[in-house]
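A.B. asks: I'd like to go over a predicted model; first the sequence, then the structure.
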Amino acid sequence: MTKQTSYIIIAAVVFVVAIVLLSSFYIVSEMNQVIITQFGEPIGEAVTSPGLHMKVPFIQKTNFFEKRWLEWDGDANEIPTKDKKYIWVDTYARWRISKPLIFFQRVRDERGAHSRIDDIIDGETRNAVANFDLIEIVRSSNREFEITEEIAILDIASVIPKIETGREKIAQIILEKASLVTPEIGIELKDIKIKRINYIEDVQRKVFDRMIAERQRIAAKYRSEGDGKSAEIRGQKERELKKIQSEAYRKAQELKGKADAEATKIYAQAYNLDPEFYQFMKTLEVYRTIMDKQTWLILSTDAEFLKYLKSTRK
C-alpha cells in the first residue's frame, strides 16, 4: 500500500467519523423541545432541557417543536345569536405545545394543530354565541352611555337591558370549554378573545341604508334650522335698519326744524330792523318765483302786488 493511498483511507475514515458524530449530536435551545423518532415512531419522552444531546445516528430523527406561546387567528364565522341576529364573529387565541409526545402522535405539526384548533374553538364559539343575545356579546359591563340615533338604527333597545354575562365572560366560557378538549392533542390554551363582531353582509347593507337615511334626515333638520335662523337674522337686520333710518329721519327733522326756527328768528329780527326793506326784498323774491317771459298777470292798477313796480313821481 502506497503512502498516498494510506492518506486517502485515513481522510475517508475521518470524514465518516465526522459524519457519524454530527449525526449523533443535536442541540436543543431554550425555545424548542424535541421528539426523537425511530423509523417514524417516537422513542421515549420529549427532550425539553436546553443543551447538547445525543441520538443514534442515521436511524433516529429529531423533530423540533416550539416551546413558546403561539398565536391562532381564526377565520370569521357567520353565527346567529339567541335573539336571531346574524353576525360575523372573529376570534383570536394563544396556545402552546404542553405535551410534545401527545402533540406529535395526534397532530404531527403546527399545521395539523391549527386545523384542530379551528374545529375546537369555532365549535365552542358557535355554541356560546348562540346562547346569548347580541347585546351580551357586544358589551362587557353595565356602564351607562348616551342613547343616540345609532343605537336605534342598530336594533338595540333604547332601554339597555342589564348585562348578566358580557363579552369578556363569554370569551372565558369559550376558553374553558375548549380547554377541556385541547389537552387531548397536547395543547394548552392561554386565552381566547373575540376580536371583532359585525353584521353579515345583507344586514350590514340594510343598516348602512338606514344610517344614511337617518343622517340625511338629520342633515335636512339642520338645514331647516339654519334656514330659520338665517330668516331670523335677516328679519332682525331689517328691524335694526328701519330703526336706524327712523332715528336718523327724526334727528334730521329735528335739525331741520331747528334750522327753520333759527331762520325764522333771523328773518323776524331783520324785519323788525327795517320792515319796509324786508317787505321789498320778499316781494322781489316772489316776482322772480312766479314771473318769467311766458307769464301773464292781469291785475288792477291799484293792486298791492304791483306797488314796487309803479314809477314814483314827485
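C.D. replies: All right, it came through fine.

A.B. asks: where's Asn272, which helix or strand?
C.D. replies: Using DSSP states H and E, Asn272 sits within helix 201-273.

A.B. asks: first to last residue in stretch 26-45, what's the distance?
C.D. replies: With CA to CA, to the nearest Å applied, stretch 26-45 spans 16 Å between its terminal residues.

A.B. asks: If you could redo that for stretch 179-186, that was the one I meant.
C.D. replies: With CA to CA, one end of stretch 179-186 sits 11 Å from the other.

A.B. asks: Just give me how far that stretch sits from the chain centre.
C.D. replies: Chain-centre distance of stretch 179-186: 41 Å, with CA atoms, centre = their mean, to the nearest Å.

A.B. asks: what do you get for stretch 127-145?
C.D. replies: Using CA atoms, centre = their mean, the offset of stretch 127-145 from its chain centre is 22 Å.

A.B. asks: What of stretch 181-188?
C.D. replies: Worked out by CA atoms, centre = their mean, stretch 181-188 lies 41 Å from the chain centre.

A.B. asks: rewinding a little: tell me what the helix holding Asn272 is packed against?
C.D. replies: helix 149-153, helix 275-290 (3 or more CB pairs under 8 Å, 6 or more residues apart in numbering; DSSP states H and E). To be clear about C-beta, it is placed using only N, CA and C from the backbone, and glycine gets the same treatment.

A.B. asks: Highest mean neighbour count out of those?
C.D. replies: helix 149-153 (a mean of 14; mean count of other CB atoms under 10 Å).

A.B. asks: For that one, give the mean pLDDT please.
C.D. replies: On average, the pLDDT along helix 149-153 is 51.

A.B. asks: just stretch 255-269 next, same as before
C.D. replies: 84.

A.B. asks: Repeat that for stretch 42-52.
C.D. replies: 92.

A.B. asks: Compare the mean pLDDT across the helices and strands packed on helix 201-273 and name the weakest.
C.D. replies: Among these, helix 149-153 scores lowest, at a mean of 51.
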